[in-house]
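J.: Sharing a model that was predicted from the sequence below.
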Amino acid sequence: MLQALLDTTEKQIYAFLSYCYETNKKNYTIKELSGVFDRKTNKMQSIVQQVEVFRARYPQFTLTYDRLEKEVSIAFSPRFLLSQAYSVLLQGTVGFILLDALFQGDYHSLEQLSHKTFNSPRTIQRKLQELNHVLANYHLSYSLKKGDPLAGDEYAIRYFYHLTYWQIFDEKDSQVLASIKEKEQAEALFENHASYMRKIDIDKFLHLFAISVQRIHQKHPLSFLPNEVLTFEHPLIEKKQFDQVFLNPLFHRNHLPFSEISEVERSFLYYMFGVMNTYLEEDLDAANISWLTQPKYQQEAQLVEKLAVYFRLTFTEAEKNYLLVNLVMIHSASGCFGTRQKSDSFGKTTDEQELQAAFPVLYPTMKRFFLEATVSLPELRRLLQMNDRLIFQYCMLLRVIFIKYEQPVTFSIHSKYGKTQELWIKNRLMNATHRAMAHYSLSQKPDLVISDYPIHQEFSEEEQPYLFYWNGHPSAKEWKQLKQVIKQIRSAKNKAAFAQLAFTQTE
């Protein structure tokens with residue numbers, strides 16, 4: 001959503017870098033690029049020059065423009081990240097500079113902002129109209145005429161600032177994390193008492209904690225929280241224990257006596273600690289989740305039952321707990337921080353085509369399941385309106401379970417080089433993926449036959465395998481082609497399986 005703060009020039013720079021990075025070519029003609037971006041030659045040359053200038057701010061690529069031949073050469077370093085290029089662009093926008101100044105307490109006047117950004121006050125005001133559009137998506141607003149320009153519920157302000165700074169997060173350069181006192185000791189707390197958290201999960205919570213500390217220091221305490229937050233129960237740690245194990249030492253190290261921290265502040269951090277994490281089956285082995293039988297979680301319990309029926313699976317207790325806990329977290333966060341336009345951790349807004357591309361078979365199936373489920377669970381419609389990534393999140397959860405029950409792609413290998421060559425190829429394929437694969441003989445009717453010599457065995461039409469021929473010593477290109485073939489076979493098998501589901505419509 002924050003990408004709305006980028007102006008035309010910044011969007012053109014990002015689009016140019018994205019295209020070149022994904023195309024993975026070194027040389028381009030201006031004519032070729034003009035066709036891709038639908039720009040006249042002069043305009044395309046101007047965009048290239050803008051990218052040249054941007055390199056001073058983000059030097060993880062090289063660009064050479066031959067003005068005589070009208071050719072562009074570009075190369076990306078191994079450390080180049082599109083998400084980081086986006087972060088650098090975002091940090092240079094007027095809207096971000098204002099938000100940062102408000103958070104740091106450095107904003108004083110429109111004139112000061114004008115000098116800082118080298119824009120006229122009139123230009124600043126025009127650009128900041130876009131900021132109000134962004135803030136409205138998070139139930140906030142601003143007015144530079146007020147003493148405190150940012151208006152909205154304090155918990156929403158903190159969440160928004162967390163998202164804003166998390167989009168540009170770089171552990172090395174994060175001013176937010178740098179404000180945490182004795183950060184290494186703080187991280188050790190979580191490593192010792194919440195081993196299910198990855199380092200990035202720990203950083204994410206400390207990031208939110210640092211924002212809360214800053215707001216408290218600036219006399220912006222929490223005075224209101226939704227009841228959903230106040231009554232929240234974590235699946236792995238009780239609130240009283242969380243306060244003593246984590247919050248007490250964290251606040252103490254950051255010069256805020258724990259006794260002076262309100263119950264509302266503690267509840268907010270306890271809630272965020274819960275909903276910002278994902279919990280795997282092994283994480284929940286020792287969890288006491290009897291509280292999830294409460295009536296307020298009936299929707300999630302019914303949803304788990306419907307998923308089992310729809311996908312014709314008998315979930316184990318561990319799988320049920322995994323789904324139930326994570327659905328509660330996702331639904332709760334969706335309701336409390338609902339936005340019309342959701343963006344991911346890198347600031348990328350939802351594009352359903354891209355979401356479906358990540359799950360070409362599962363996403364449309366889950367979408368149909370969702371529509372069916374909302375007949376008896378209408379509240380799901382409201383959640384989807386507040387989180388347009390909801391179905392995608394369901395796919396990510398279900399994939400973990402489906403992979404365990406997935407029918408393997410079966411293959412048979414044949415090589416003139418002999419058994420050792422066949423064994424090498426077999427092991428390489430089996431170790432190349434965590435997805436189910438199985439080696440068959442020809443008589444076992446495999447899905448795929450891989451050979452470096454012609455195979456003339458007759459197969460019935462319904463048992464006809466995919467015949468993939470390559471050289472005795474396959475090239476990198478042939479390995480890549482084989483990987484794509486396996487992906488196609490797996491998708492076709494999954495699609496065939498999903499087509500038999502109770503509510504799946506045949507096309």
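T.: Arrived safely.
J.: which intervals of the stretch 351-500 of the chain have sub-threshold pLDDT?
T.: For the stretch 351-500 of the chain, the stretches flagged by pLDDT under 70 are 499-500.
J.: could you pull out the helices for it?
T.: Remark: helices of the stretch 351-500 of the chain, listed N- to C-terminal, are 352-358, 362-376, 379-386, 390-405, 419-431, 476-498; assignment by DSSP state H, counting those that start in this stretch.
J.: right, and those helices - which one's nearest residue 228?
T.: Smallest distance to residue 228 across those (Cβ to Cβ): 12.3 Å, for helix 379-386. Placement of C-beta: from N, CA and C, glycine included.
J.: Give the other helices and strands that the closest one contacts.
T.: helix 298-310, helix 317-336, helix 362-376, helix 390-405 (3 or more Cβ pairs under 8 Å, 6 or more residues apart in numbering; DSSP states H and E).
J.: related to what we said a few turns ago, would you reformat the helices of the stretch 351-500 of the chain as a markdown table and include mean neighbour count?
T.: Formatted as a markdown table, the entries for these read as follows, by neighbours: other Cβ atoms under 10 Å:
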| stretch | mean neighbour count |
| --- | --- |
| helix 352-358 | 12 |
| helix 362-376 | 18 |
| helix 379-386 | 15 |
| helix 390-405 | 18 |
| helix 419-431 | 14 |
| helix 476-498 | 15 |
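J.: Now distance to residue 279 too, for the ones you listed, in TSV please.
T.: Formatted as TSV, the entries for the helices of the stretch 351-500 of the chain read as follows, by distance: least, Cβ to Cβ, whole Å:
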stretch	distance to residue 279
helix 352-358	21
helix 362-376	20
helix 379-386	19
helix 390-405	10
helix 419-431	28
helix 476-498	25
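J.: Of these, give the one that comes closest to residue 299.
T.: Relative to residue 299, the nearest member of the helices of the stretch 351-500 of the chain by Cβ to Cβ is helix 379-386, separated by 5.9 Å.
J.: That closest one relative to helix 298-310, how many degrees between them?
T.: Between the axis of helix 379-386 and that of helix 298-310 there is an angle of 100 degrees, by axes from the mean of the first three to the mean of the last three Cα atoms, to 10 degrees.
J.: what helix or strand does residue 64 sit in?
T.: Of the helices and strands defined by DSSP states H and E, residue 64 is found in strand 61-66.
J.: Tell me which residues are up against that strand.
T.: With Cβ atoms under 8 Å, 6 or more residues apart in numbering as the test, strand 61-66 has contacts from 17, 45, 48-49, 51-52, 55, 71-77, 80.
J.: Run the angle between the helix or strand that it is followed by and strand 61-66 for me.
T.: Towards the C-terminus, the helix or strand next in line after strand 61-66, according to DSSP H and E, is strand 71-76. Inter-element angle recorded for strand 71-76 and strand 61-66: 170 degrees (by the same axes, to 10 degrees).
J.: Quick one: distance of strand 71-76 to the chain centre.
T.: A distance of 29 Å separates the C-alpha centroid of strand 71-76 from that of its chain, computed with Cα atoms, centre = their mean, to the nearest Å.
J.: contacts for that strand?
T.: 20-21, 26-30, 33, 48, 60-66.
J.: same thing with stretch 267-286?
T.: When contacts are taken as Cβ under 8 Å, 6+ apart, the neighbours of stretch 267-286 outside the stretch itself are 155, 158, 196-197, 201, 204-205, 208-209, 212, 222, 225, 229-230, 232, 234-236, 239, 242-243, 246-247, 318-319, 321-322, 325-326, 329-330, 332-333, 336, 400.
J.: Now do stretch 300-316: everything it contacts.
T.: 292-293, 320, 323-324, 327-328, 331, 369, 372-373, 376-377, 380, 398, 401-402, 405, 501-503.
J.: Now for the closest residue to residue 27 other than its chain neighbours, how many residues are close by?
T.: Nearest residue to residue 27 in three dimensions, chain neighbours excluded: residue 73, at 5.3 Å (Cβ to Cβ, 6 or more residues apart in numbering). Residue 73: 13 surrounding residues under other Cβ atoms under 10 Å.
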